[in-house]
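Asker: Below are the sequence and a predicted model for it; my questions follow.
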Amino acid sequence: MSLSPRALPKLGPLETKVLELAWARGEMSVRDAAEGLAPQLAYTTVMTTLDRLFKKGVLQRRRVERAFFYSPRYSRQEMQTRQAGDFVKGLLQAESSPELLISCLVDAVGQYDEALLLELERKVADKREELARNSRTGGEA
Amino acid sequence: MNFGVAFGYGARLLCLSLASFVLVLAALGLVVSVSAPVWISLAGRMRARAGARLLLSVRLAPLAGALAFVASLCVPSYLWLEPERGEERAGVVSLVVALIGLGLLAWSLARSARALRRSARFVRECEETGVAAEIPGWQSPVLIVEGHGPVLALAGVLRPRLILTRRLRDALSHEQLAVALRHEEAHRRSHDNLKRFLLVLAPDVFPFLGGLRAMEAMWGRLAEWAADDEAAEGRPGESVRLAETLLRCARLGSAGSVPELSASLLCCDDDLAARVERLLGGRETSRSGIGGLLAGVLMAGGVAALLLQPVVLRSVHLALELLME
């Protein structure tokens, strides 16, 4: 299941509860969800929540006759991975660098020109060869 | 002294202190901002660590100078020479300047507090979503977090934590990870995050001139170069290994980044190319910082000797009287 490149939306408490139920049950109808939640909520409330989760891209649905069946679009692990990744990267991207008091090895949110990377990699390879030659020459001497 | 007299005495002192603070800050800030290209050029020709220290000192000099002026001249001269029951009131100009000083201080403190909060939140979120793991070469547990970017970051000011994405950890060899950790260790030993905090704390009275911001950017570059030098430990093989590591990270970053949210392409390319070329070229030092250090010590000694003269305090008091009017 491939991950959407969009950032994951924020979920409210009820939405989170319904999503947890979806992970536990797999595919479910609105009635299944309403019966599975404690305390029980109105059918229309559950239906609205499932519809919101579908529009947020967190649930997928298929129609069976006149009813919709909802299932999670991402597994729990995928959601957590994406949330953590989004958070780390999102925070690095959202904050202006002087005001985020961190030292990064490289700019984690930047893009690099492919041609430049290839050129630099070639130079590194050449330098490695040079060092290896010098080491051999020094050894022979 | 009754309460009213004491209050007036204290209020005038506060007004004078704020007004003289902002005037000295503005004067020194203007000088530093205008002369920034000279300092940047000088720092670029020095050893990276020494150059970074020079730029940091000069960048913080306006704030340090303003605080020193208030603490060592303004307040002592006022307390020594100002009569307790003085009838004078603060003029409008001094009040306005004092308010500007108050605003500057408040903005600076708010910005610093925000930076601390954001960084603390970043570390906290990483602690909640990540897993602490012992990694050879790092003294305290490293936070391994899920994520798509090549994040290896030292986060936090007083007790910084090392954050590493799982993807990057898996992508680097043991030797590459070791040299990367030495790079971050150099940042930790040098307290670079604390220095970043001081840079955020120091106000820039003339941001439109851009001089102080340029110095901060160059300081950031030199701090990275210094950490690269210390990670390589003077060994050509390690320099090449670090260059490889940087390029590996850059490749992972390019693969995972979202184009519409990325920072300036040119900025990243320039920085990366400069670092790699520098590591491959073996260019490390030009001059040491001894000359600059000596000049600084002599200057500080001269200033201290000047401040101890009573005539200086009387002159300062006279100037402050004029400011009050």
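Answerer: Cool, the structure landed. Numbers count the residues shown, from 1 in each chain, chains lettered A, B, ... in the order given.
Asker: What residues does the stretch 51-200 of chain B have near chain A?
Answerer: Residues of the stretch 51-200 of chain B found near chain A (Cβ under 8 Å from any Cβ of the partner chain) are B:111, B:114-116, B:118-119, B:121-122, B:125-126, B:129-130, B:145-157, B:163, B:165, B:180, B:183-184, B:187, B:192-193, B:196-197, B:199-200. Yep, even glycine has a C-beta here, placed from its N, CA and C like the rest.
Asker: Buried ones among these?
Answerer: Taking 16 or more other Cβ atoms under 10 Å in any protein chain shown as the criterion, what is buried in these is B:115-116, B:118-119, B:122, B:125-126, B:129-130, B:145-157, B:163, B:165, B:180, B:183-184, B:187, B:192-193, B:196-197, B:199-200.
Asker: hang on, the earlier thing: what about the residues of the stretch 51-200 of chain B next to chain A, which are in strands?
Answerer: Secondary structure from DSSP state E places B:145, B:152-155, B:163, B:165 of these in strands.
Asker: pLDDT added to those, as CSV?
Answerer: As requested, these are arranged in CSV below (pLDDT from 0 to 100):
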residue, pLDDT
B:V145, 85
B:L152, 88
B:A153, 87
B:L154, 90
B:A155, 88
B:I163, 89
B:T165, 87
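Asker: Chain B: strands as residue ranges?
Answerer: Under DSSP E, chain B gives strands at B:131-133, B:142-145, B:152-155, B:161-165.
Asker: Could you point out which of those strands sits nearest B:S33?
Answerer: Among the strands of chain B, strand B:152-155 comes nearest to B:S33, with 29.4 Å by Cβ to Cβ.
Asker: could you pull out the helices for chain A?
Answerer: Residue ranges of the helices in chain A, as given by DSSP state H, are A:13-25, A:30-36, A:43-55, A:76-94, A:114-140.
Asker: residues near the residue nearest to B:A155 when sequence neighbours are not counted, how many?
Answerer: In this structure, B:A155 finds its nearest non-sequential neighbour in A:I102, 4.3 Å apart by Cβ to Cβ, 6 or more residues apart in numbering or on different chains. Neighbours of A:I102 under the rule other Cβ atoms under 10 Å in any protein chain shown: 26.
Asker: Confidence-wise, which helix or strand of chain A is lowest on average?
Answerer: Using mean pLDDT, DSSP states H and E, helix A:76-94 stands out as the lowest-scoring helix or strand of chain A, at a mean of 66.
Asker: Okay, now the unreliable bits of the stretch 1-150 of chain B?
Answerer: By pLDDT under 70, the weakly predicted segments of the stretch 1-150 of chain B are B:1, B:82-90, B:147-148.
Asker: Now for the residue nearest to A:K17 when sequence neighbours are not counted: which residues touch it?
Answerer: Excluding its sequence neighbours, the residue lying closest to A:K17 (Cβ to Cβ, 6+ apart) is A:L37, at 6.5 Å. Residues near A:L37 by Cβ atoms under 8 Å, 6 or more residues apart in numbering or on different chains: A:17-18, A:21, A:46.
Asker: One more: A:A24?
Answerer: A:G36.
Asker: distance of it from B:G103?
Answerer: 55 Å (Cβ to Cβ, to the nearest Å).
Asker: same thing with A:Q60?
Answerer: From A:Q60 to B:G103 the distance is 53 Å (Cβ to Cβ).
Asker: In terms of neighbours, single out the busier of those two.
Answerer: A:Q60 (16 against 13).
Asker: quick one: that one and A:Y70 touch, right?
Answerer: Yes. Using Cβ atoms under 8 Å as the test, A:Q60 is close enough to A:Y70 to be in contact (7.3 Å).
Asker: list residues touching both of these two?
Answerer: A:F54.
Asker: who's in contact with the residue nearest in space to the middle of chain B?
Answerer: With distances taken as Cα atoms, centre = their mean, B:L199 lies nearest the centre of chain B, 2.9 Å away. B:L199 makes contacts with A:98, B:56, B:59-60, B:216, B:219, as judged by Cβ under 8 Å, 6+ apart.
Asker: mind running it again at 10 Å?
Answerer: A:98-99, A:101, B:55-56, B:59-60, B:112, B:115, B:212-213, B:215-216, B:219-220 (Cβ atoms under 10 Å, 6 or more residues apart in numbering or on different chains).
Asker: Inside helices: which ones of these?
Answerer: Using DSSP H, these in helices are B:55-56, B:59-60, B:112, B:115, B:212-213, B:215-216, B:219-220.
Asker: Among those residues, which one lies nearest to chain A?
Answerer: Distances from chain A to those, taken as Cβ to the nearest Cβ, are shortest for B:A115 (4.4 Å).
Asker: distance of that closest one from B:P160?
Answerer: Distance, B:A115 to B:P160, by Cβ to Cβ: 14 Å.
Asker: shared neighbours, these two?
Answerer: A:L101.
Asker: Which residue, other than its chain neighbours, is closest to B:L272?
Answerer: The spatial neighbour of B:L272 that comes closest, neighbours along the chain excluded (Cβ to Cβ, 6+ apart), is B:A250 at 5.7 Å.
Asker: How many residues are close by that neighbour?
Answerer: B:A250 has 26 neighbours, counted by other Cβ under 10 Å.
Asker: Tell me the pLDDT of it.
Answerer: If you check B:A250, the pLDDT there is 88.
Asker: right, and it touches A:L118 too?
Answerer: No. Using Cβ atoms under 10 Å, B:A250 is not in contact with A:L118, being 11.3 Å away.
Asker: Next, the closest residue to A:S71 other than its chain neighbours: phi, psi?
Answerer: Distances taken as Cβ to Cβ, 6+ apart put A:E27 closest to A:S71, at 4.2 Å, once the chain neighbours are dropped. Backbone torsions of A:E27, given as degrees, to the nearest 10, read phi -90, psi 140.
Asker: residues in contact with A:E27?
Answerer: Taking Cβ under 10 Å, 6+ apart, we find A:E27 in contact with A:60-62, A:64, A:69-72.
Asker: Going by distance to A:K56, which of the contacts of B:L199 wins?
Answerer: Closest approach between the contacts of B:L199 and A:K56, by Cβ to Cβ: A:E99, at 30.1 Å.
Asker: Tell me which residues are up against stretch A:56-73.
Answerer: Stretch A:56-73 is contacted from outside by A:1, A:3-4, A:6, A:8-11, A:15-16, A:18-33, A:47, A:49-54, A:74, A:78-79, using Cβ under 10 Å, 6+ apart.
Asker: Would you mind measuring from B:A217 to B:L201?
Answerer: For B:A217 relative to B:L201 (Cβ to Cβ), the value is 17 Å.
Asker: err, B:G253, not the other one
Answerer: If you go by Cβ to Cβ, the gap between B:G253 and B:L201 works out to 30 Å.
Asker: okay, these two: which has more neighbours?
Answerer: Just comparing B:G253 and B:L201: by other Cβ under 10 Å the higher neighbour count belongs to B:G253, 25 against 16.
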